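**Student:** Generate a structure from the sequence data that follows.
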Amino acid sequence: MWLNGKEIPLSGDRFQSCLREIRKLADDVEDEKKGIRIRKDDWQKLHVHIASYNNFPTAAGLASSAAGLACFVFTLAKLMNVKEDCGKLSSIARQGSGSACRSMYGGFVKWTMGKDACGSDSIAVQLASESHWNDLVIIIAVVSSKQKETSSTTGMRDSVETSPLLTT
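**Tutor:** Here you go, the predicted structure:
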């Protein structure tokens, strides 16, 4: 995969988990006009070349990685003719980045914890569409494009371990 012209490995567990789950759900793809015929079983053997470009600083702390992983899952699902809804795809995106499940939708979205030990029912649910608040405007001023010092995963883990507000 190339992000903003720089090659990045997809060998990490997060990317591989998402790719594996999408491949399990893949279906046949056929386009007679283009001469394309890919069988469901072929997706396991094929490689993808991904070139993505951000117009927003990566890893700056405003969910760019979550949006990127949601895009990764959504685009692979379209490519591989996956016939699942955004709820199921959000559970796959969550495996790449917890917040990615929310990025599968626009508008106001809730991440439901679920009860399954394996986490398969931990999905996002859209509560209000992106057009719900037509007059809402958010302005973000980028003052630095540097990568944040603490990853979201580490920051959340530290919050859970130290905040009395996040006890179960």
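**Student:** Run through the strands of this protein in chain order.
**Tutor:** Under the criterion DSSP state E, strands of the chain are mapped to 2-3, 6-7, 29-31, 36-38, 51-52, 108-111, 124-128.
**Student:** Please export the alpha-carbon coordinates of the last one; PDB is fine.
**Tutor:** Extracted C-alpha coordinates of strand 124-128, given in PDB (Å, rounded to 0.1, in the frame of the first residue of the first chain):
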ATOM      1  CA  ALA A 124     -21.500   1.200  15.000                       C
ATOM      2  CA  VAL A 125     -25.100   2.400  14.700                       C
ATOM      3  CA  GLN A 126     -26.000   5.600  12.900                       C
ATOM      4  CA  LEU A 127     -28.300   7.600  15.200                       C
ATOM      5  CA  ALA A 128     -28.800  10.700  12.900                       C
END
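**Student:** Okay, now the sheet partners of that strand, with direction.
**Tutor:** Paired strands of strand 124-128, with direction, are strand 108-111 (antiparallel) (DSSP bridges).
**Student:** Can you show me the CA trace of the partner strand as CSV?
**Tutor:** Extracted C-alpha coordinates of strand 108-111, given in CSV (Å, rounded to 0.1, in the frame of the first residue of the first chain):
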residue,chain,number,x,y,z
PHE,A,108,-24.0,11.1,14.5
VAL,A,109,-22.9,7.6,15.2
LYS,A,110,-22.8,5.4,18.4
TRP,A,111,-20.3,2.6,18.9
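**Student:** List the contacts of it.
**Tutor:** When contacts are taken as Cβ atoms under 8 Å, 6 or more residues apart in numbering, the neighbours of strand 108-111 outside the stretch itself are 94, 98-99, 101-102, 122-128, 132. Every residue, glycine included, has its C-beta placed from N, CA and C.
**Student:** about what we covered before: as TSV, the strands of the chain with distance to Arg20 would be great.
**Tutor:** Output for the strands of the chain, formatted as TSV (distance: least, Cβ to Cβ, whole Å):
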stretch	distance to Arg20
strand 2-3	21
strand 6-7	21
strand 29-31	18
strand 36-38	17
strand 51-52	20
strand 108-111	22
strand 124-128	20
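**Student:** Of all the ones you listed, which one is nearest Asn81?
**Tutor:** When the strands of the chain are ranked by proximity to Asn81, the top entry is strand 29-31, at 4.8 Å, counting by Cβ to Cβ.
**Student:** contacting residues for the closest residue to Gln16 other than its chain neighbours?
**Tutor:** Nearest residue to Gln16, sequence neighbours excluded (Cβ to Cβ, 6 or more residues apart in numbering): Leu10, at 7.0 Å. For Leu10, the residues meeting the contact criterion (Cβ under 8 Å, 6+ apart) are 1, 16, 19, 50.
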